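Novice: Whatever this is, show me its structure:
(one chain, ligands or ions: 1)
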Amino acid sequence: MNFELINPQSFKELFLVLKKLKHRKYRYAAGCTDILIELKRNPEDDLTLVNLSQINDFKFRGISQTKNSVRLGAGVTANDIVRNLNIKLLYPVLWEAAYNLASTQIRQVATIGGNICTASPSGDITCALVSLDATCVIIGVHGKREIRIRDFFEGPRQTALKKGELLYEIIIPGNKKNTVKLFSSFIKIGTRRSMECSVVSIAYHIQIDGFNKILTSGFAIGAVAPTIRFTAKACDFINRKNINALTERDAESFALKVSEYSDPISDIRATRWYREKVLFNLSKSIIEDIIKCQIEVK
Ligand SMILES: Cc1cc2nc3c(=O)[nH]c(=O)nc-3n(C[C@H](O)[C@H](O)[C@H](O)COP(=O)(O)OP(=O)(O)OC[C@H]3O[C@@H](n4cnc5c(N)ncnc54)[C@H](O)[C@@H]3O)c2cc1C
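Specialist: Numbering: from 1, shown residues only. Down below sits the predicted model:
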C-alpha cells in the first residue's frame, strides 16, 4: 500500500489542503478501522489520505446537549458513546449499538463519522442513528448543509457527500417532553456474538406517554437491503396507538410493513430466506414484548 498522508490540525488547515487537492484523488481517514482494510483489498494509485484524527475541534470530537437535541461530532468514537451516561439514559438504542460494536480496541478508535460514511448496509451505530431520525451536518469548501441521515445513503458504500465535503456533526432530536416510557434497543444477529458483521440488525426507539400512547417511534433495519432503512410505514402504523389496544394481529401487520423495506441478498453469512424470516420474527416479537409488558404493568 502506498499513499501520501496529510495531517491537518484544524478545519482551516483542512480546507486549505482540500483546495490544493481539488484535482487529486484523496480519501479521509479517521479511526482507520474500515479504510485500511478497504485499501489493502483494493489498493488505489496516487492516493492521498487526509487524516481527520488530529483535528483539534471541540464540536467535531465532542458530545453536547442542547434544549431540543443531542449533538455528536463525527469524530466521536464508539467508546466515547459508551462512556456517556446521558446517551445511555436518553437513547439506549445508540448506547447498545456502540457497546456491541467489535472489540474494546476497535471501539477506542472507530468513529461515528467513519461508521456512517463507510455506508455499509450493516453499520451498527448508523442503524441506531437512522432509528433516531438523526440529521447529518455536512461541511465543505462551499459551506454547510444538513441532510436527514435516512437520505444520506445512495447505495452500498455510496453517500450524498460531494467532493470537498465531509461529515461534521450528527444531531439527534430530543425525546418528546411527555415521554415517560422508552422501548429502545439494538438487536444484532450474527454468526457469532462479536467481531462480526450483522446478518440482520434492528434498531428501535419508541416513546410512550403516561397514558400508554405511542408518541413517536423509530425503527431501522440493517444488513437486509443495499442501505440501512427507516421503516416509515411500520412506524406510522403504531404511532399514536395506545399500547393497551395493540394485538397479536397488529404485531404481525407491523412486521409485514417492516418486511416491505427489506431486499436481502444471500451471501456467505446467511441466505435471503433466513434474513427475511429473522427480520419478520424479530420485528413481530418487539411489538409482542410491548404488549406483554403492558399486561405485566396492569
Ligand atoms: C475487526 C473489526 C470488527 C468490526 N466490527 C464492527 C461491528 O461490529 N459493527 C460495525 O458497525 N462496524 C464494525 N467494524 C467496522 C468499523 O470499525 C466501523 O465502521 C467504524 O465505525 C469505522 O470508523 P473509522 O473511524 O475507523 O473509519 P475509517 O476507517 O477511518 O473511515 C471509514 C470511511 O469513512 C470515511 N470517513 C471517515 N470519517 C469521515 C468524515 N468525518 N466525513 C467523511 N468521510 C469520513 C473514510 O474516508 C472512509 O471511507 C469492524 C471493523 C473491524 C476491523
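Novice: For the stretch 101-250 of the chain, give the residue positioned nearest to the ligand.
Specialist: The ligand sits closest to residue 114 of the stretch 101-250 of the chain, with a gap of 2.0 Å, by CB to the nearest ligand atom. C-beta coordinates here come from the backbone N, C-alpha and C atoms, glycine included.
Novice: Next up, the contacts around that residue.
Specialist: Neighbour list for residue 114: 30-31, 33-35 [criterion: CB atoms under 8 Å, 6 or more residues apart in numbering].
Novice: Most neighbours among these, which one is it?
Specialist: For those, counting by other CB atoms under 10 Å, the largest number of neighbours falls to residue 30: 26 neighbours.
Novice: Does the one helix or strand residue 214 maps to reach the ligand?
Specialist: According to DSSP states H and E, residue 214 maps onto strand 214-222. No - using CB under 6 Å from any ligand atom, we find that strand 214-222 stays clear of the ligand, coming within 8.4 Å at best.
Novice: hang on, the earlier thing: next, the residue of the stretch 101-250 of the chain closest to the ligand: secondary structure please.
Specialist: Counting by DSSP: H, G, I helix; E, B strand; the rest coil, the backbone at residue 114 sits in helix.
Novice: Leaving out the residues flanking it, which one is nearest to it?
Specialist: Nearest non-adjacent residue to residue 114, counting by CB to CB, 6 or more residues apart in numbering: residue 30, 4.5 Å away.
Novice: Surely the one you found touches residue 115?
Specialist: No - with contact taken as CB atoms under 8 Å, residue 30 and residue 115 are classed as non-touching, separated by 9.4 Å.
Novice: Next, the buried residues of the worst-scoring helix or strand of the chain on mean pLDDT.
Specialist: For the chain, counting by mean pLDDT, DSSP states H and E, helix 272-297 ranks last in confidence among helices and strands (a mean of 89). Across helix 272-297, burial judged by 16 or more other CB atoms under 10 Å covers 275-276, 278-280, 282-284, 286-288, 290-291, 294.
Novice: again with stretch 64-79
Specialist: By neighbour count, with 16+ other CB under 10 Å as the criterion, the buried positions of stretch 64-79 are 70-79.
Novice: give the contact list for residue 118.
Specialist: By CB under 8 Å, 6+ apart, the residues touching residue 118 are 34-35, 157.
Novice: hang on, the earlier thing: distance to residue 19 for the buried residues of helix 272-297 - can I get that in a markdown table?
Specialist: Shown next, in a markdown table, are the buried residues of helix 272-297 (distance: CB to CB, whole Å):
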| residue | distance to residue 19 |
| --- | --- |
| 275 | 44 |
| 276 | 48 |
| 278 | 48 |
| 279 | 45 |
| 280 | 50 |
| 282 | 48 |
| 283 | 47 |
| 284 | 53 |
| 286 | 48 |
| 287 | 52 |
| 288 | 56 |
| 290 | 52 |
| 291 | 57 |
| 294 | 58 |
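Novice: Quick one: low-confidence residue ranges for this structure.
Specialist: Segments of the chain classed as low confidence (criterion: pLDDT under 70) are 1, 192-196, 294-298.
Novice: near the ligand, which residues of it?
Specialist: Counting by CB under 6 Å from any ligand atom, the residues of the chain close to the ligand are 27-35, 37, 52, 74, 101-102, 106, 109-111, 113-115, 117-118, 123-124, 161, 166-167, 195.
Novice: Return the subset of the residues you listed lying in helices.
Specialist: Under the assignment DSSP state H, the residues of the chain next to the ligand contribute 35, 37, 106, 109, 113-115, 117, 124 to helices.
Novice: Mark which of these are buried, thanks.
Specialist: If you count burial by 16+ other CB under 10 Å, the buried members of these come out as 35, 106, 113-115, 117, 124.
Novice: Check the residues you listed against residue 239 and report the nearest one.
Specialist: Out of these, the one with the shortest distance to residue 239 is residue 124. That distance is 24.9 Å, counting by CB to CB.
Novice: so the nearest residue to that closest one once chain neighbours are set aside is in which element?
Specialist: Nearest residue to residue 124, sequence neighbours excluded (CB to CB, 6+ apart): residue 97, at 4.4 Å. For residue 97, the enclosing helix or strand under DSSP H and E is helix 92-99.
Novice: Do a quick rundown of the strands in this structure.
Specialist: If you assign secondary structure with DSSP state E, the strands in the chain sit at 3-6, 25-29, 47-51, 63-65, 69-73, 135-140, 143-148, 153-155, 158-159, 165-173, 181-189, 200-208, 214-222, 229-230.
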